[in-house]
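*Asks:* Can you look at this prediction? I've put the sequence above it.
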Amino acid sequence: MDQQSSDTTLTIPPLTSGGIMLTYRCTNKCKHCLYRCSPQQADTWMSLERAEEVFAALAGEPRLRDVHLAGGEAALKMDLLADVVALAAPMGVRLSYLETNGMWCTDGKTAREGFSKLAQAGLPGVLVSASPYHNEFIPFARTQACVEAAIEVFGRGGVIVWIPQFYQALSQMPADKTNTLAEFRQAAGLGDRVGPVGDIYGLIPGGRVLEELREGYQAQPAEHYRSCRCGETLADTSHFHIDPFGNLFTGLCPGIAAGRIGDLHPKITSESHPIFWRLATGGPHALMQWAGEHHNYEPKNDAYISKCDLCMDVRRHLHAGGGFDELAPDAFYAD
């Protein structure tokens, strides 16, 4: 997706691996969250009927290996989660794991019962989020209970801890309380430097990072990103996400949906998907120029910490003006 003529038609490549987001609702409002999930998001969930539509669409993808289930925090509605798990295999979709932050694991018994319910429904494994960003909301004792119960139920081979280095570091801190990022940095010997934590985690400088963790990056003028392209990123379907509303996000790039359930591979043109198309063929600087010429966008001086920052600022402006269905969901831009 790197051609630039205005008559170029693009399509989303076959999907290979990704996640199904049951909700944007979460127990946390983590500083690093790419999808801007939080307790303030509407209590809106993917229905079983929508889940059936999603699995039916994914079953028709010729290269699909597997999908995981995620949120927000999908375990906030354990019964719905178990029902969704049970739908997958009969509809021809292989699940890989559930992604959870473990906040619901108040003790070992609760965690084991929850995971046993999901295992009985057909879930093969779990990814547990463990990082200082989560520890600002979740005491390590709950993360530990989550991991240990998951190993009991799924076996060590069925449990991924993301990220092991952070899990080990957090295990040396008070387990019964939350800790700020500053407290973690001091305990880990990182001092006041923000960068090392993000480097270990592999932060993407988008989502809530743009507001909450800006100090870890050097701001640049828009011209700095002139040569940045997004075609390869947006064509990446190795970690796609489908949200509760049926929006398809590729390339770990939320908030811009070229595809939707019912049409995962639409014909993408400069007229049908003007924002996605310009990002794919020219990048955020090209989108900025178009938005300036046609939608009164004015760039900020020395203000952008990444190409994603520039892109998001332009997209916020365009979303506020209305008329772009591909900018979805609305709540992503209201956070």
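*Replies:* Nice, I can see it. Since the model is a prediction, treat every value here as computed from it, not as a measurement.
*Asks:* what about the stretch 51-200 of the chain, any weak spots by pLDDT?
*Replies:* Per-residue confidence for the stretch 51-200 of the chain (pLDDT under 70) gives these ranges: 194.
*Asks:* what's the burial count for Q172?
*Replies:* Number of residues near Q172 (other C-beta atoms under 10 Å) recorded here: 10. Yep, even glycine has a C-beta here, placed from its N, CA and C like the rest.
*Asks:* Wait, it touches A187, no?
*Replies:* Yes: under the criterion of C-beta atoms under 8 Å, Q172 makes contact with A187 at 7.0 Å.
*Asks:* Tally up the residues packed near the nearest residue to G71 once chain neighbours are set aside, please.
*Replies:* Residue nearest to G71 in three dimensions, not counting chain neighbours: T23, with 5.1 Å by C-beta to C-beta, 6 or more residues apart in numbering. For T23, the neighbour count with other C-beta under 10 Å is 23.
*Asks:* Repeat that for T180.
*Replies:* By other C-beta under 10 Å, the residues close to T180 number 11.
*Asks:* Return the distance of A257 relative to R36.
*Replies:* As for A257, its distance to R36 is 15 Å (criterion: C-beta to C-beta, to the nearest Å).
*Asks:* what's near enough to touch the residue nearest to G71?
*Replies:* Counting by C-beta atoms under 8 Å, 6 or more residues apart in numbering, T23 touches 37, 41, 43-46, 71-74, 76-77, 244.
*Asks:* Narrow those to those that are buried.
*Replies:* The neighbour count (16 or more other C-beta atoms under 10 Å) marks 37, 41, 44-46, 71-74, 76-77, 244 as buried among those.
*Asks:* With secondary structure and distance to E271 added, can I get those residues in TSV?
*Replies:* Formatted as TSV, these follow (DSSP: H, G, I helix; E, B strand; the rest coil; distance: C-beta to C-beta, whole Å):
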residue	secondary structure	distance to E271
C37	coil	32
Q41	coil	32
T44	coil	31
W45	strand	34
M46	coil	30
G71	coil	34
G72	coil	34
E73	coil	38
A74	helix	37
L76	helix	40
K77	helix	40
P244	coil	28
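*Asks:* With respect to M312, which of those residues is nearest?
*Replies:* The closest of the buried ones among the contacts of T23 to M312 turns out to be C37 (C-beta to C-beta; 16.1 Å).
*Asks:* Chain neighbours aside, what residue packs nearest to that closest one?
*Replies:* C37 sits nearest to C26 (C-beta to C-beta, 6+ apart), 3.9 Å away.
*Asks:* right, and the helix or strand after the helix or strand where P196 lies?
*Replies:* Assessed by DSSP states H and E, P196 sits inside helix 195-201. Heading C-terminal from helix 195-201, the first helix or strand you meet, by DSSP H and E, is helix 209-212.
*Asks:* average model confidence for that following helix?
*Replies:* Average pLDDT, helix 209-212: 96.
*Asks:* which outside residues touch it?
*Replies:* Outside helix 209-212, the residues that touch it by C-beta under 8 Å, 6+ apart are 31-32, 34, 198, 203, 305-306, 308-309, 312.
*Asks:* Let me see the ranges of the helices in the stretch 101-250 of the chain.
*Replies:* Assigned by DSSP state H, counting those that start in this stretch, the stretch 101-250 of the chain shows helices spanning 108-121, 132-135, 140-154, 164-170, 181-187, 195-201, 209-212, 231-234.
*Asks:* Out of those helices, which is closest to E223?
*Replies:* Closest of the helices of the stretch 101-250 of the chain to E223 is helix 209-212, at 19.0 Å (criterion: C-beta to C-beta).
*Asks:* Would you mark the buried spots in that closest one?
*Replies:* Residues of helix 209-212 classed as buried: 209-210, 212 (neighbour count, 16+ other C-beta under 10 Å).
*Asks:* of those residues, closest to D330?
*Replies:* Checking the buried residues of helix 209-212 one by one against D330 (C-beta to C-beta), the nearest turns out to be L210, at 17.9 Å.
*Asks:* From P62, how far off is that closest one?
*Replies:* The gap separating L210 from P62 is 36 Å, by C-beta to C-beta.
*Asks:* what number of residues lie near Y217?
*Replies:* Y217 has 18 neighbours, counted by other C-beta under 10 Å.
*Asks:* what's it in contact with, if anything?
*Replies:* Contact partners of Y217, counting by C-beta under 8 Å, 6+ apart, are 205, 305-306.
*Asks:* Can I get the residues you listed in CSV including neighbour count?
*Replies:* Output for the contacts of Y217, formatted as CSV (neighbours: other C-beta atoms under 10 Å):
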residue, neighbour count
P205, 20
I305, 19
S306, 22
